[in-house]
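Enquirer: make a model of this:
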Amino acid sequence: MTLLTFYILCAVTTGVVAVYELFWPVISQLKITHKELNIVRYSKIAIATFFVMSVLVAPLILPACLIPSKGERFRNALAVNLEKTN
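Expert: Below you'll find the model as predicted:
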């Protein structure tokens, strides 16, 4: 039971850090440059969805949270792909 509790704690922590380090800077940038995008209009839903997905795939997203070069690459790719959505 304690191992599962430890994993859940680490996954939730990774989700919080992923939203703060990876997703929020991109959304803040898009709010300034592309106000018409749906991802900006519904940013609270997008943040909640990204948090849940980050918790579910925590081991895969952890390197992007810990290694600055991978985090920067993730943010750049996310920004480019979100700009293309509309």
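
Enquirer: who's in contact with the helix-or-strand element of the chain with minimal mean pLDDT?
Expert: Here the helix or strand of the chain ranked lowest by mean pLDDT, DSSP states H and E is helix 38-41, holding a mean of 89. Around helix 38-41, the neighbours that count as contacts under C-beta atoms under 8 Å, 6 or more residues apart in numbering are 27, 30-31, 34, 46, 82, 85-86. C-betas here are computed from N, CA, C, even on glycine.

Enquirer: now the strand or helix carrying residue 62: buried residues?
Expert: For residue 62, the element it lies in under DSSP states H and E is helix 58-66. With burial defined by 16 or more other C-beta atoms under 10 Å, the residues of helix 58-66 counted as buried are 58, 61-62, 64-65.

Enquirer: for it, list the C-alpha coordinates in PDB.
Expert: Presented in PDB, the C-alpha positions along helix 58-66 are these (Å, rounded to 0.1, in the frame of the first residue of the first chain):
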ATOM      1  CA  ALA A  58       3.900  10.900 -15.200                       C
ATOM      2  CA  PRO A  59       6.900   8.700 -15.900                       C
ATOM      3  CA  LEU A  60       7.000   9.800 -19.500                       C
ATOM      4  CA  ILE A  61       6.700  13.500 -18.800                       C
ATOM      5  CA  LEU A  62       9.000  13.600 -15.800                       C
ATOM      6  CA  PRO A  63      12.200  14.100 -18.000                       C
ATOM      7  CA  ALA A  64      10.700  17.200 -19.500                       C
ATOM      8  CA  CYS A  65      10.100  18.600 -16.000                       C
ATOM      9  CA  LEU A  66      13.600  17.800 -14.700                       C
END
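
Enquirer: now the helices for the chain?
Expert: Secondary structure of the chain (DSSP state H): helices located at 2-18, 24-33, 38-41, 43-56, 58-66, 68-83.

Enquirer: now the angle from the helix holding residue 62 to helix 68-83?
Expert: Going by axes from the mean of the first three to the mean of the last three C-alpha atoms, to 10 degrees, helix 58-66 is angled at 110 degrees with respect to helix 68-83.
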